[in-house]
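Visitor: everything below, folded, please.
(2 chains)
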Amino acid sequence: MRDVKVRLLFFAVLRDITGQSETELELAGGTRPRDIWQQLRTQYAKLADYVQPPMTAINESYESPDTELHDGDELAFIPPVAGG
Amino acid sequence: MYLTDDVIDAQALVRRVMRPSDGAYVLFEGVVRNHHEGHAVESIFYDAYRPMAEKEIEKIVDDVVREFPDVALALQHRLGYLIVGDSSIAIVCSSPHRAESFAACRVLIDRIKQTVPIWKKEKGPGGEEWVGWQSC
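Guide: Numbers count the residues shown, from 1 in each chain, chains lettered A, B, ... in the order given. I've put the predicted structure just below:
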């Protein structure tokens, strides 16, 4: 499977924890948001306790964290929302 | 556009929705309060995934317009730094009779709080905290 490039966006608490608002990822084909979340957990101690990924958005729409990512996708993890 | 970085002009929203056939409007404003779960709050920073938040609000608005065909509505959500007393959201619903406007307004704010990717970081004497994160 060919590699896919994905743009990963960080908002709110995740931007604070990672210290960045976005990053480009080069992934093996078949990678899912859940796999990326596990990488982030090992990379950032403050996420280590969060075994389950938060809500996941692909291309500005809520999707399952088990959705296969495609080249050019924009991925964001959505921490608990608090609008209003 | 439903998101704004400026002070919300609720009366402008009222003027936008009111039709000659309307006999009532309901205006809801969410306001920054000085406390949350027992601790003092001085200010709130509202963050959003803007393009997605616009789309999610649009979906909610479309659903509510379908569910309440007699209601005309407008709303704005403010982002950025707000202090106690500032309005973070204003929703106006108008209709020929009051019952539909009350109901539609309630449904709108409840759904916006559930799914729209907007976050708030509360700041008080004890420090800063993203609301909802600990319970994740």
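
Visitor: right, and B:Pro96 touches B:Tyr25 too?
Guide: No. Contact criterion CB atoms under 8 Å: B:Pro96 and B:Tyr25 do not qualify, at 11.0 Å. All C-beta atoms are positioned from the backbone trio N, CA, C, and that covers glycine.

Visitor: in the chain, which spans are strands?
Guide: If you meant another chain, say so; for now it's chain A. A:4-9, A:22-27, A:55-58, A:61-63, A:74-78 (DSSP state E).

Visitor: should've been chain B
Guide: Under DSSP E, chain B gives strands at B:3-4, B:24-31, B:35-36, B:39-40, B:43-48, B:72-78, B:80-83, B:87-95, B:118-124, B:127-130.

Visitor: so which of those strands is the most packed in?
Guide: strand B:87-95 (a mean of 24; mean count of other CB atoms under 10 Å in any protein chain shown).

Visitor: skipping adjacent residues, who's closest to B:Leu75 in space?
Guide: The shortest distance from B:Leu75 to any non-neighbouring residue, by CB to CB, 6 or more residues apart in numbering or on different chains, is to B:Ile91 (4.3 Å).

Visitor: please apply the same query to B:Tyr2.
Guide: B:Ile57 (4.4 Å).

Visitor: ok, B:Asp5 next?
Guide: B:Gly80 (5.2 Å).

Visitor: quick check: that neighbour vs A:Phe10, distance?
Guide: Distance, B:Gly80 to A:Phe10, by CB to CB, to the nearest Å: 18 Å.

Visitor: about what we covered before: next up, the contacts around the residue nearest to B:Tyr2.
Guide: B:2, B:75, B:77, B:112, B:116 (CB atoms under 8 Å, 6 or more residues apart in numbering or on different chains).

Visitor: quick one, what contacts residue 22?
Guide: In the absence of a named chain, chain A is used. A:7-10.

Visitor: hmm, I had chain B in mind actually
Guide: B:72, B:94-96.

Visitor: residue numbers of chain A in contact with chain B?
Guide: Counting by CB under 8 Å from any CB of the partner chain, chain A comes close to chain B at A:9, A:11-13, A:15-16, A:50, A:54, A:57, A:60-62, A:76, A:78-84.
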